[in-house]
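# below is the sequence, then the predicted model.
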Amino acid sequence: MRALIVAAAVACSTACAQAQEIGLPLGTVPPPAEVQDMAGAAANLSQFVGQKPVLVEFWATWCPVCEALLPRMQAAHQRYGSQVEFLVVGVGVNQTLATMQRHLQRHPMPFRFYFDPRGAAVRSFQAPATGYIAVLDARGRTVYTGAGEDQDLEAALRTAIAAR
């Protein structure tokens, strides 16, 4: 599975330049996914589902698409951070919790970070690669999925906020 995610991330750096419907089917609620918080304690992403809109990015310290997405993520967080929960899930491919902790100490970001060492969140959200984003509305239904660095996060978040 790790080799598949790495291969998809490399392929996605050019092929997925435009956001598209991939991964989790639109309209579905992702199943619970146990991950680790940045202190290493068990956490479940389902605690955020169904309360307010949620943006989930699948990320890695080594991911060039994730780095390119960062300005869009920061701008979206600045504009919608009070209305939307921003979760970043570090995949367990070629990185560890300690690697993520060191990276975030050097490069702080305003999002909630989690580590997915066993791929539970990857499976739950059907994440095909790093740089994959899923946006859920306040009911927990998927309203957007996409991959690549040119995703229109603002439009996806407006859709999630407007959903009833």
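Yep, it's here.
# ok, Thr61 - contacts?
Residues counted as contacts of Thr61 (C-beta atoms under 8 Å, 6 or more residues apart in numbering) are 90, 95, 99-100, 103. Any C-beta I mention is one placed from the backbone N, CA and C, and that applies to glycine too.
# distance of Gly119 relative to Gly27?
Using C-beta to C-beta, to the nearest Å, we find Gly119 at a distance of 24 Å from Gly27.
# what about these two, which has more around it?
Taking other C-beta atoms under 10 Å, Gly119 and Gly27 do not tie; Gly119 has more neighbours (17 against 9).
# the more buried one contacts Gly90, correct?
No - using C-beta atoms under 8 Å, Gly119 is not in contact with Gly90, being 11.6 Å away.
# direction included, what does the helix or strand encompassing Gly90 pair against?
Following DSSP states H and E, one finds Gly90 within strand 85-91. Sheet partners assigned to strand 85-91 using DSSP bridges are listed as strand 54-59 (parallel), strand 112-116 (parallel).
# pick the most deeply packed of those strands.
strand 54-59 (a mean of 26; mean count of other C-beta atoms under 10 Å).
# in this protein, which residue is most central in space?
Glu57 (1.2 Å; C-alpha atoms, centre = their mean).
# is that one in a bridge, and if so with what?
Under the criterion used here (DSSP bridges), Glu57 is bridged to Val88, Ile133.
# that older thread, now pLDDT too, for the contacts of Thr61, in a markdown table please.
Shown next, in a markdown table, are the contacts of Thr61 (pLDDT from 0 to 100):
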| residue | pLDDT |
| --- | --- |
| Gly90 | 97 |
| Gln95 | 95 |
| Thr99 | 96 |
| Met100 | 97 |
| His103 | 96 |
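# between those, identify the one with the most neighbours.
Going by other C-beta under 10 Å, Gly90 tops the contacts of Thr61 with 30 neighbours.
# can you tell me what sits against the strand or helix carrying Ala155?
Ala155 is part of helix 153-162 when elements are defined by DSSP H and E. If you take C-beta under 8 Å, 6+ apart as the criterion, helix 153-162 is touched by 19, 53-55, 72-73, 75-76, 79-80, 83-84, 133, 135-138, 143-144, 146.
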